[in-house]
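Student: please find the sequence and the predicted model below.
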Amino acid sequence: QLQLVESGGGLVQPGGSLRLSCAASGFTLDLTAIGWFRQAPGKEREAVLCIEENGGTTSYVDSVLGRFTISRDNAKKTVYLQMINLKPEDTAVYYCAAAWISCRAGPSGFHSWGQGTQVTVAS
């Protein structure tokens, strides 16, 4: 059974850093594009970053450029979201999901959503 599990969230001060992990099981990660999404309270879920099977990346949110980086370690079956210089507006539940085809699809093009990990940026 295909499963994704996020971890690494927490409370961090503005300007701080976190690395989120998305651990995969039940499928061959190196054949699948994985996306990171987030949902802030009262807002729609939005796509943040996605990484293709070949390591190519897609960014969907201008505000994270230069601060968030997505990477993958296929041997560990894990995709990471490295976040630096965090801001209060980054506060959200962060999810990872597997793409049916590629990162070019919108949120409806992803499946096997994890349970999410809370990131709170506050003083």
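Tutor: Yes, it's here. Numbers count the residues shown, from 1 in each chain.

Student: wait, doesn't residue 63 sit right on residue 92?
Tutor: No - assessed by C-beta atoms under 8 Å, residue 63 is found out of contact with residue 92, at 11.9 Å. Where C-beta positions appear, they are placed from N, C-alpha and C, glycine not excepted.

Student: of these two, which one has the most company?
Tutor: Neighbour count, other C-beta atoms under 10 Å: between residue 63 and residue 92, residue 92 has more, with 22 against 12.

Student: and the gap between the more buried one and residue 100?
Tutor: Distance, residue 92 to residue 100, by C-beta to C-beta, to the nearest Å: 24 Å.

Student: now swap in residue 41 and tell me
Tutor: 28 Å.

Student: residue 70 now?
Tutor: The value you get for residue 70 to residue 100, if C-beta to C-beta is used, is 18 Å.

Student: show me what the strand or helix carrying residue 50 is packed up against.
Tutor: Residue 50 is part of strand 46-51, with elements assigned from DSSP states H and E. If contacts are counted by 3 or more C-beta pairs under 8 Å, 6 or more residues apart in numbering; DSSP states H and E, strand 46-51 sits against strand 34-39, strand 57-59, strand 68-73, strand 78-83.

Student: and those, which one's lowest on average pLDDT?
Tutor: The stretch with the lowest mean pLDDT among the helices and strands packed on strand 46-51 is strand 57-59, at a mean of 93.

Student: so what strands line up beside it?
Tutor: strand 46-51 (antiparallel) (DSSP bridges).

Student: quick one: buried residues of the partner strand?
Tutor: Within strand 46-51, the residues scored as buried using 16 or more other C-beta atoms under 10 Å are 47-51.

Student: from residue 51, how far out is the residue nearest the centre of the chain?
Tutor: Nearest residue to the geometric centre of the chain (C-alpha atoms, centre = their mean): residue 36, 2.3 Å. Remark: distance between residue 36 and residue 51 (C-beta to C-beta) = 9 Å.
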